[in-house]
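Undergrad: Could you work out the structure for the sequence below:
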Amino acid sequence: MGTVLDAANKEAKGTDKKFTVVFVLGGPGSGKGTQCTNIVQNFGYTHLSAGDLLRAEIKSGSENGTMIQNMIKEGKIVPSEVTIKLLQRAMQESGNDKFLIDGFPRNEENRAAFESVTGILPEFVLFFDCSEEEMERRLLSRNQGREDDNIETIRKRFKVFMESSLPVIEYYNSKGKVRKIDAGKPIEEVFEAVKAVFTSSNDKVPA
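TA: Below you'll find the predicted structure:
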């Protein structure tokens, strides 16, 4: 597996393009998916969801996909390198050089692995901060027929998010890279705050 990773790594680092990466983090129901769509439309980023890439790989029936599916079935955590390899491949194939990476890194191990494997440091981390009560209200009212949208599961997902992702947010906060958005407000107001973040980042002269 190392050799494939090394090749992908060399490919990513060997391109003339300098990838701009923004990590997008927020608990279930924080509205980050909606905002990612808005950012793509307004600022020309490519939206990559780690979860979607894993699901697509499973669906493809590839050897890699079968391995991922078996790990998930057995309740194992998919190794960071596997997810990172899928993200790298998607970045290289997209033809773009600006990416929103949604729902990743989920924990400190993901974060450290992404930086060491890709050599890419995020431009900043967009953190959609939303209270547990507001997330619960949204998830229960959206009723998209998802069986994991019941109150117990929602609370569990929120707890997992807080425990695993908060150390990542704290790490990047210490580096001055977190842009915190109050995601409890209506969608339009949230996007105004998001726009301000991206507009000010675009104004910076590259070092």
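
Undergrad: Helix or strand: which one has residue 157?
TA: Using DSSP states H and E, residue 157 sits within helix 151-174.

Undergrad: before we move on, what about residue 41?
TA: Going by DSSP H and E, residue 41 is part of helix 32-43.

Undergrad: tell me the average confidence for that helix?
TA: Helix 32-43 carries an average pLDDT of 93.

Undergrad: and if you look at stretch 126-137?
TA: 87.

Undergrad: Between its first and last residues, how far does that stretch reach?
TA: 22 Å (Cα to Cα, to the nearest Å).

Undergrad: Could I get the buried residue list for that stretch?
TA: 126, 127, 128, 130, 132, 134, 135, 136 (16 or more other Cβ atoms under 10 Å). All C-beta atoms are positioned from the backbone trio N, CA, C, and that covers glycine.

Undergrad: which one of those sits closest to residue 69?
TA: Looking at the buried residues of stretch 126-137 and their distance to residue 69, the nearest is residue 135, at 28.5 Å (Cβ to Cβ).

Undergrad: On the three-state scheme, the closest one is what?
TA: Assigned by DSSP: H, G, I helix; E, B strand; the rest coil, the conformation of residue 135 is helix.

Undergrad: per-residue pLDDT, the closest residue to residue 162 other than its chain neighbours?
TA: Once flanking residues are discounted, residue 162 sits nearest to residue 27: 7.3 Å by Cβ to Cβ, 6 or more residues apart in numbering. On pLDDT, residue 27 comes in at 84.

Undergrad: and residue 27, how many residues sit next to it?
TA: Counted with other Cβ atoms under 10 Å, residues neighbouring residue 27 total 24.

Undergrad: Numbering from 58 from now on, please.
TA: Fine by me, first position is 58 from now on; the one you just mentioned is residue 84.

Undergrad: just the helices in this structure please.
TA: 59-71, 89-100, 107-117, 120-130, 137-151, 165-175, 189-199, 208-231, 244-260 (DSSP state H).

Undergrad: residue contacts, the most centrally placed residue in the chain?
TA: Nearest to the mean C-alpha position of the chain, by Cα atoms, centre = their mean, lies residue 159 at 2.1 Å. By Cβ atoms under 8 Å, 6 or more residues apart in numbering, the contact set of residue 159 is 81, 89, 90, 93, 104, 105, 106, 107.

Undergrad: Okay, and the beta partners of it?
TA: Residue 159 has the following beta-bridge partners by DSSP bridges: residue 81, residue 106.

Undergrad: low-scoring stretches of this protein, by residue?
TA: Along the chain, segments meeting pLDDT under 70 span 58-74, 200-206, 259-264.

Undergrad: go again using 80 as the cut-off
TA: Low-confidence segments of the chain, defined by pLDDT under 80: 58-74, 134, 197-211, 258-264.
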